[in-house]
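Chemist: sequence-free structure coming up:
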């Protein structure tokens, strides 16, 4: 069966520090991978998606970047965090898009102080 | 933004009552899905309805879709305290876009 792992689960980082959130998927090949952000009490904002190794699409301009160094690994990074980067970050995967389900990791709580 | 919107933003009902949540979206879709999120957790898929379907059932869940109005509704019948969660609709036109969510509280 397929599983998705996301870590760390929580972190508190000072403004200006770097960020690295990692996500891996097991049990499937060539998945579509996604990073979403959810502000407190709000909906999900699609940040990045990837349809293959090295292929990253950004939905919104921001202080973050994403990379996909391996087929089932997706990394969310920042060189210098801003206060506004605080939120709940969710990694997800799917097999294609239309008619398919998207599966989420358990999320990472980021607090920038 | 292609993000949809759920209505109401928050809903509080007594156990045993029915809960209805609505979703409106902006673009044409292939399918619409509903997801559930327990507080501080990832989202879990509930049900998918295709653009050529008008109604779908799964257990205590009933979903309707009106593509002419670009809207969908999720009905949870005979609610339970364990149904307390946030519920999101998602469209999959070219990506998965989620609505703003309805926070449902079921009071025992």
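Modeler: All right, it came through fine. In this text, all values refer to a predicted model and were calculated from it rather than measured experimentally.
Chemist: Flag every residue of chain A that's near chain B.
Modeler: By the rule Cβ under 8 Å from any Cβ of the partner chain, the part of chain A lying against chain B is A:34, A:36, A:41-46, A:49, A:59, A:88, A:90, A:92, A:94, A:97-107, A:109. Every residue, glycine included, has its C-beta placed from N, CA and C.
Chemist: And stretch A:46-66, how far out from the chain middle?
Modeler: Stretch A:46-66 sits 9 Å away from the centroid of its parent chain (Cα atoms, centre = their mean, to the nearest Å).
Chemist: what about that stretch, how long is it end to end?
Modeler: The first and last residues of stretch A:46-66 sit 12 Å apart, counting by Cα to Cα, to the nearest Å.
Chemist: contact partners of it?
Modeler: Contacting residues not belonging to stretch A:46-66 are listed as A:19, A:30, A:32-37, A:45, A:67-71, A:74-78, A:80-82, A:84-85, B:95-98 [Cβ atoms under 8 Å, 6 or more residues apart in numbering or on different chains].
Chemist: show me what contacts the residue most central in space within chain A?
Modeler: By Cα atoms, centre = their mean, the mean C-alpha position of chain A lies nearest to residue A:35, the distance being 2.9 Å. With contact taken as Cβ under 8 Å, 6+ apart, residue A:35 is in contact with A:21, A:23, A:46-49, A:64, A:66, A:74, A:76, A:89-92.
Chemist: Turn those into TSV, including distance to residue B:23, neighbour count and secondary structure.
Modeler: What follows is these, written out as TSV (distance: Cβ to Cβ, whole Å; neighbours: other Cβ atoms under 10 Å in any protein chain shown; DSSP: H, G, I helix; E, B strand; the rest coil):
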residue	distance to residue B:23	neighbour count	secondary structure
A:21	29	23	strand
A:23	27	25	strand
A:46	17	21	strand
A:47	22	19	strand
A:48	24	24	strand
A:49	21	23	strand
A:64	28	21	coil
A:66	28	21	strand
A:74	27	29	strand
A:76	27	22	strand
A:89	24	23	strand
A:90	19	26	strand
A:91	24	29	strand
A:92	19	27	strand
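Chemist: Phi and psi next, for the residue nearest to the centre of chain A.
Modeler: Recorded main-chain torsions at residue A:35 are phi -120, psi 130, according to degrees, to the nearest 10.
Chemist: ok, it to residue B:14 distance?
Modeler: Using Cβ to Cβ, to the nearest Å, residue A:35 is found at 38 Å from residue B:14.
Chemist: again, but for residue B:95
Modeler: Taking Cβ to Cβ as the measure, residue B:95 and residue B:14 are separated by 38 Å.
Chemist: Comparing these two, which shows the higher neighbour count?
Modeler: Counted by other Cβ atoms under 10 Å in any protein chain shown, residue B:95 and residue B:14 do not tie: residue B:95 has more neighbours, with 17 against 10.
Chemist: Tell me the pLDDT of the more buried one.
Modeler: Here the pLDDT value assigned to residue B:95 is 81.
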